[in-house]
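*Asks:* heads up, no residue letters with this:
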């Protein structure tokens, strides 16, 4: 079966399951995924999508079968285009954290905007230029976040997003406060990784996927290096094999405006 047909066949099964139930930087180094304590609020099941929390999140709440694939940076126009085609071809739900300084997002805006409008793709703020915010002044941090927020709105049509991911995962209370002041109270870390912040082999990437593609994880990847674009079929097969389904962060934590627009999953399967 040719690649597109294989992806579409896999996607049909994943999308059917979802509908039936309600349908880090260039050199981040992928810090070790953060474990979610069973005693934390992250482990408490809720009846449906919750409002975006004003705190740091490390994984998805509840005890469902959801997987949040979150893709950072965007140094490569070709890789962003491949991820966009992947979403269009298969219905996979993704959350991007772009750095607006990379032209890849403008280059792919025409195809991304319908996916964003429909809610299949969500976006969060990853700063304009991927600086380590802990080394910057308050004014510089505000400029990095504010400029990227305005870019997401003007170029990609993002009306509202509570999500912020600090480059390199470098954050503290000061950074969290400034992000919240600029409209991003939910600081999104991760508890799984594709390990692709640097160039790696296909085998290494799939090893990481087999380790971290499990229920209720937020997995971080990067739209920087082409290796991942050769593995979309394998990644979808792994998701299907494990009975997972992809969600955006906005499916899990929609804003009040997104609820009104109906741009998120009505009854979130991962929170059953």
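*Replies:* Noted; the coordinates are in hand. Remember, it's a predicted structure, so these values are computed and weren't measured experimentally.
*Asks:* could you pull out the strands in this structure for me?
*Replies:* 56-57, 66-73, 94-98, 121-123, 163-164, 186-188, 192-193, 217-222, 245-246 (DSSP state E).
*Asks:* elements contacting the last one?
*Replies:* If contacts are counted by 3 or more Cβ pairs under 8 Å, 6 or more residues apart in numbering; DSSP states H and E, strand 245-246 sits against helix 3-20, strand 66-73. Placement of C-beta: from N, CA and C, glycine included.
*Asks:* which of these has the lowest average pLDDT?
*Replies:* Mean pLDDT is lowest for helix 3-20 among those, at a mean of 43.
*Asks:* out of the strands of the chain, which comes closest to residue 153?
*Replies:* Nearest to residue 153, of all the strands of the chain, is strand 121-123, at 9.9 Å by Cβ to Cβ.
*Asks:* and the closest one, what does it pack onto?
*Replies:* By 3+ Cβ pairs under 8 Å, 6+ apart, strand 121-123 packs against strand 94-98, helix 109-118, helix 249-252.
*Asks:* ok now the last one, how far from the chain's centre?
*Replies:* Mean C-alpha position of helix 249-252 versus that of the full chain (Cα atoms, centre = their mean, to the nearest Å) differs by 9 Å.
*Asks:* ok, stretch 217-224 next?
*Replies:* 7 Å.
*Asks:* what do you get for stretch 147-167?
*Replies:* 13 Å.
*Asks:* so which bits of that stretch are buried?
*Replies:* Using 16 or more other Cβ atoms under 10 Å as the test for burial, stretch 147-167 gives 147-149, 151-152, 156, 158, 160-167.
*Asks:* nearest to residue 79 among those?
*Replies:* For these, the nearest to residue 79 is residue 156 (16.5 Å; Cβ to Cβ).
*Asks:* contacting residues for the closest one?
*Replies:* 98, 105, 109, 112-113, 116, 123 (Cβ atoms under 8 Å, 6 or more residues apart in numbering).
*Asks:* now with 7 Å, please.
*Replies:* 105, 109, 112-113, 116, 123 (Cβ atoms under 7 Å, 6 or more residues apart in numbering).
*Asks:* kindly reformat the residues you listed as TSV containing pLDDT and distance to residue 248.
*Replies:* Below are these laid out as TSV (pLDDT from 0 to 100; distance: Cβ to Cβ, whole Å):
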residue	pLDDT	distance to residue 248
105	98	17
109	98	18
112	98	13
113	98	15
116	97	10
123	98	9
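*Asks:* scan those residues and report the most crowded one.
*Replies:* In terms of neighbours by other Cβ atoms under 10 Å, those top out with residue 112 at 25 neighbours.
*Asks:* that residue reaches residue 85, doesn't it?
*Replies:* No. When contacts are counted by Cβ atoms under 7 Å, residue 112 is not listed as touching residue 85 (10.8 Å).
*Asks:* could you name every residue contacting both of those two?
*Replies:* By Cβ under 7 Å, 6+ apart, residue 112 and residue 85 have no common neighbours.
*Asks:* thought residue 224 was touching residue 73?
*Replies:* Yes. Using Cβ under 7 Å, residue 224 is in contact with residue 73, at 5.4 Å.
*Asks:* so between those two, which is more surrounded?
*Replies:* Between residue 224 and residue 73, counted using other Cβ under 10 Å, residue 73 has the larger neighbour count: 26 against 23.
*Asks:* in the sheet, who's paired with the more buried one?
*Replies:* residue 98 (DSSP bridges).
*Asks:* that one contacts residue 225, doesn't it?
*Replies:* No. If you go by Cβ under 7 Å, residue 73 and residue 225 don't touch, sitting 10.0 Å apart.
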